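Colleague: coords please:
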Amino acid sequence: MGCGCLIVLLTWISPRFALFVLWLFTDRLSLAVDSFLVGLLGFVFLPYTFVLYALAYSPAGGVSGIGWFLVVLGFLLDLGTWFGGGQEASSRRRRI
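Modeller: Below you'll find the predicted structure:
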């Protein structure tokens, strides 16, 4: 199992922990992002998008092909974590 597969499994558990592991043991984040501020904002607000962008990024050509699919998937996962839980809580309140 390669490093990418391990990071994807860590992302499934906790995207921020996966970003920490990427930062600690690889240079993927420094290759993918030029600014500390962009990295910090990605870590705080869009962790799934940021980790999948860092994994899909290639220094020679950026993100291309299926990499963009992964970035969009990460964005949808982030949207689900930000906005997905409210409907369940309101429907539980109505049942009670």
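Colleague: In terms of pLDDT, where does the residue nearest the centre of the chain sit?
Modeller: The centre of the chain sits closest to residue 48, judged by CA atoms, centre = their mean, with a distance of 1.8 Å. Listed pLDDT for residue 48 reads 93.
Colleague: Please, which helix or strand holds it?
Modeller: Assigned by DSSP states H and E, residue 48 belongs to helix 47-56.
Colleague: Now do that helix: everything it contacts.
Modeller: 4, 7-8, 11, 15-16, 18-19, 22, 28-29, 31-33, 39, 42-43, 63, 66-68, 70-71, 73-75, 77-78, 81 (CB atoms under 8 Å, 6 or more residues apart in numbering). Where you see a C-beta, it was placed from the backbone N, CA and C, and this is true even at glycine.
Colleague: Provide a list of residue ranges in the protein with pLDDT below threshold.
Modeller: For the chain, the stretches with pLDDT under 70 are 1-4, 85-96.
Colleague: Recalculate using a threshold of 90.
Modeller: Within the chain, the stretches with pLDDT under 90 are 1-14, 18, 21-23, 25-30, 34, 39, 55, 57-65, 81-96.
Colleague: What segments of it are helices?
Modeller: Taking DSSP state H to define them, one finds helices in the chain at 3-13, 15-25, 28-32, 36-45, 47-56, 66-83, 85-95.
Colleague: Tell me which of the ones you listed is the most buried.
Modeller: Most buried of the helices of the chain by mean neighbour count (mean count of other CB atoms under 10 Å) is helix 47-56; its value is a mean of 24.
Colleague: Distance from the chain centre to it, please.
Modeller: Centre-to-centre, helix 47-56 and its host chain are 4 Å apart (CA atoms, centre = their mean, to the nearest Å).
Colleague: If I take it and helix 3-13, what angle do their directions form?
Modeller: Helix 47-56 and helix 3-13 are oriented at 180 degrees to each other (axes from the mean of the first three to the mean of the last three CA atoms, to 10 degrees).
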